[in-house]
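1. Sequence and predicted structure below; questions after.
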Amino acid sequence: MSNRLLDWCFKKSIWVYHVNTGSCNGCDIEILDVLTPYYDVERFGIKLVHTPRHADALLVTGPVTRQARERVLRLYRAVPDPKLVIGVGSCPTGGGIWHDSYATCGGLGNVLPVDIYVPGCPPRPEAILYGVAQALGLVPKQVEARSFVEE
Amino acid sequence: MFKHAVSELKEAILCLRAGQVTLGYPFEPHSPEPGFRGFLSLDPDKCIGCGACANACPARLISVEDQDGHRTLDFVLARCTYCARCRDVCPQQALAMSEQFETATSSPEDLRITIKLRLVRCRECGAVVGTQRQLNRVLNELPSQLGLPPEKMDWLDLCLSCKRTRALREGVLTVEVRA
Amino acid sequence: MQAWRIREPSMWMTEFLTGNRKTYGMNQIGGVSRDLPEGYQSRILPVIDRIEKEVTAVVDAIVEDGSLKLRLQGSGVLSHEDAKAICVVGPTARGSGVAIDARADHPYAAYGEVDFEVCVEQSGDNWARTMVRIRELFEAIKIVRQALAKMPEGPVMAEVGLIEAGGEGVSSVEAPRGEVHHYALTGTDQRPYRWRVRAPTYPNLQSVPAMLKGMTIADAPISIGSIDPCFSCTERGAVIDQKSGLTRVYTQDELLRQFRERFG
């Protein structure tokens, strides 16, 4: 009963902690844009918090550089359960252009268990909103792998 | 003190005049501007498997692999940066950047396009010549451009080295050796 | 928040002009990858006119705001001598009276053909840096209007042959935070082999200790924010052995010694 209550509460207004693991800041500015008057994510109760211990979700940008890897793991452990990990941009999704660089870990999936990826370079604020809503189970997924074979 | 009060009043008027500008998204769609570079879409009927896109992609996410009788082009769109270089270089205009941006997913494997095309191998040595569609394009376009009849195209399914050998043997091509 | 609201139409404008709000994907070797779409003039001019009008109203409202001035004036002071000694760049330097601007000092692209003013303030505090940035916004609008009026016809891309491996190139341009330098070493198959950026935040951050000396803790976030730091651009140099994966960070003395031994 208390678990169902927690699940119901969790969907209501998640507080988000933003982590930059070495991104070019494009995705970071688009995340800040989601808080601005035109897209206004605060009307859904979602706000940025200043410490991971108050957060429900981690919003991660950037290919995880070597230096950032340990800090990202510590941040993940600091966020209390239940938690969501959302990777924003092409860099956490597949490593971006840096996928085979010696200085990065090749994507967030190699470091943390990720709940949802929002691809884009940078993703539009609407796309980030959609990704967060999808993580909460409010909207369906719209992409799937496509394969064509010439017989 | 007075100046400060006037300034605060001006700030308040500014905010009031701005009013509410929040867009209706996600309850209303907000389509992007025309020319927006969104998720890649491939027209499987137009692609000839030339691999120009694989050469141009900065993230090297397009791989071209020839195996047995098929050429497979694999687009790992998880790391796409939406630069549209592939669309710019494609000779068949088979690639387009759609307007789709709601592409969030829990698994990057959903962001993958593969296309498998029939391969033509050299009838003498078995090396790869190209895809059947590439040869079809040559067959369709080259004779009209050069004024050649189609029956002159029977060397089309030979690989480059076999073509050279045949040309030297039949005297179509000569090589000058300087002492 | 009003500033973010005013900025948003310029994002939509760039989406119309280039296909993306932020990563324009235009720069190519030899030119730009695509021409501006039809009707770009009629799209750009109303947007910048509106931005200019709204920013003027905002500046008019905040310039006499007592609480803002109390917070920003006199805090985070970077003296003229310190600014020159630490070699800061961009609005951080221009706020302390050092008139450097890569667009004026070594003009690139079309900056030699447009008139603009290098905005300099003398007091070196957070307020000076804010005013420099606001004045630069108006200068930028001036530059855009001049560029639109002088735009020539013609191709957007020059013929570039095959690029040889082993070529080196360095460029300095003026980014919003200051002078940024790029170094590229070309490799085989028409791709770069090495690429290194010296971002402007790297020297600008060195000025933060000088700014914070004697200040209270409450002034620290504003002073650090006034240099507009991009923390992604502030990596120390680390040497990674690709085969073994071991890393090593060089100290300043070791780096200087290596550099002097190699280049004399």
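-> Received it, and whenever you're ready, just let me know what you need.

2. give me the residue from chain A nearest chain C.
-> Nearest residue of chain A to chain C (C-beta to the nearest C-beta) works out as residue A:36 at 3.8 Å. Yep, even glycine has a C-beta here, placed from its N, CA and C like the rest.

3. Read off the pLDDT value for the closest residue to that residue other than its chain neighbours.
-> Using C-beta to C-beta, 6 or more residues apart in numbering or on different chains and skipping residues adjacent in sequence, the residue nearest residue A:36 is residue C:4, 3.8 Å away. Residue C:4 is assigned 88 on the pLDDT scale.

4. Next: residue A:111.
-> On the pLDDT scale, residue A:111 gets 91.

5. In contact with residue A:19, which residues are there?
-> Contacts for residue A:19 (C-beta atoms under 8 Å, 6 or more residues apart in numbering or on different chains) come out as A:58-61, A:72, A:75.

6. Tell me which of the residues you listed fall in helices.
-> Applying DSSP state H to these, the entries found in helices are A:72, A:75.

7. Narrow the contacts of residue A:19 to just the buried residues.
-> A:58-61, A:72, A:75 (16 or more other C-beta atoms under 10 Å in any protein chain shown).

8. Within reach of chain C, which of those residues are there?
-> Among the buried ones among the contacts of residue A:19, proximity to chain C is found for none (C-beta under 8 Å from any C-beta of the partner chain).

9. can you give me the strands in chain C?
-> Taking DSSP state E to define them, one finds strands in chain C at C:27-28, C:31-32, C:168-175, C:178-186, C:192-198, C:238-240, C:247-249.

10. nope, chain A is what I meant
-> A:15-20, A:47-48, A:57-61, A:84-88, A:116-118, A:146-149.

11. Next: chain B.
-> Counting by DSSP E, chain B has strands at residues B:40-42, B:62-67, B:70-76, B:95-97, B:112-121, B:128-131.

12. so which of these gets nearest chain C?
-> Nearest to chain C among the strands of chain B is strand B:95-97 (7.3 Å), distances taken as C-beta to the nearest C-beta.

13. Next up, the contacts around residue 21.
-> In the absence of a named chain, this looks at chain A. A:60-65, A:68-69, A:71-72, A:92, A:108.

14. Not quite, go with chain C.
-> Counting by C-beta under 8 Å, 6+ apart, residue C:21 makes contact with A:30, A:122, A:124, C:11-12, C:14-15.

15. ok so, going back, please identify the most buried of the strands of chain A.
-> strand A:116-118 (a mean of 28; mean count of other C-beta atoms under 10 Å in any protein chain shown).

16. follow-up on the earlier one: quick one: the strands of chain B as CSV, columns for mean pLDDT, mean neighbour count and distance to residue C:197 too.
-> Shown next, in CSV, are the strands of chain B (pLDDT from 0 to 100; neighbours: other C-beta atoms under 10 Å in any protein chain shown; distance: least, C-beta to C-beta, whole Å):
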stretch, mean pLDDT, mean neighbour count, distance to residue C:197
strand B:40-42, 92, 19, 28
strand B:62-67, 92, 14, 26
strand B:70-76, 93, 20, 26
strand B:95-97, 92, 20, 27
strand B:112-121, 92, 19, 31
strand B:128-131, 90, 20, 40
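
17. Tabulate the ones you listed in a markdown table, adding columns for distance to chain C.
-> Output for the strands of chain B, formatted as a markdown table (distance: least, C-beta to the nearest C-beta, whole Å):
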| stretch | distance to chain C |
| --- | --- |
| strand B:40-42 | 13 |
| strand B:62-67 | 14 |
| strand B:70-76 | 18 |
| strand B:95-97 | 7 |
| strand B:112-121 | 20 |
| strand B:128-131 | 20 |
